[in-house]
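Student: what's the 3D shape of this:
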Amino acid sequence: MNLLVSACLLGVRCRYSGTGCPNSNVTKLAEKHHLIPICPEQLGGLSTPRDPVELVSGRAATRDGSDRTEQFLRGAEEALRLARLYRCGGAVLKSRSPSCGFGKIYDGTFSGTLTEGNGVTAERLAMAGLFLWNEENCGAIPSSAEGNEE
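Tutor: Numbers count the residues shown, from 1 in each chain. Model prediction:
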């Protein structure tokens, strides 16, 4: 199966801090799947490193209130474009991220507090019908999915 994967989970230094966060559960997926690395924030035009962003009242904003919503939306659309181009059956996304997190994300107070919700890209991909996993539950991905076998 073709899977979009948050590039930071593969060790690419694309996080806001200029670091990666390689995860062995995710890299191991390459044994059975084709992984397509993405960083929606970079795809949306943001630099690395960059100021941290959290979702505040539906907007992507930095701690000082600078609005990055346009870049987050653009990155989500580009990620979806790649998912369609590569006929991805799903995506493995970085948990808690304002772009990639799903189920729980940071609450917008920059205090490390989590709340229910999805990041901008995760929401867009889910709306388009992609299955979503994160680095914690990606072991549950089936070996193949209809239409994605090689």
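Student: spatially nearest residue to the residue most central in space within the chain, not counting backbone neighbours?
Tutor: Nearest to the geometric centre of the chain sits C100, at 2.8 Å (CA atoms, centre = their mean). In space, and not counting its chain neighbours, C100 is closest to L93: 3.6 Å by CB to CB, 6 or more residues apart in numbering. All C-beta atoms are positioned from the backbone trio N, CA, C, and that covers glycine.
Student: what about the one you found, how many residues close to it?
Tutor: Using other CB atoms under 10 Å, L93 has 31 neighbouring residues.
Student: ditto for E136
Tutor: E136: 10 surrounding residues under other CB under 10 Å.
Student: max-length helix in this protein?
Tutor: Assignment by DSSP state H gives helix 69-85 as the longest helix of the chain.
Student: how far is that helix from where the chain is centred?
Tutor: With CA atoms, centre = their mean, to the nearest Å as the basis, helix 69-85 stands 10 Å off its chain's centre.
Student: residues contacting it, please?
Tutor: Contacts of helix 69-85 from elsewhere in the structure, counted by CB atoms under 8 Å, 6 or more residues apart in numbering, are 4, 36, 38-46, 53, 59-61, 88, 91, 98-99, 120-121, 123-125, 128, 130.
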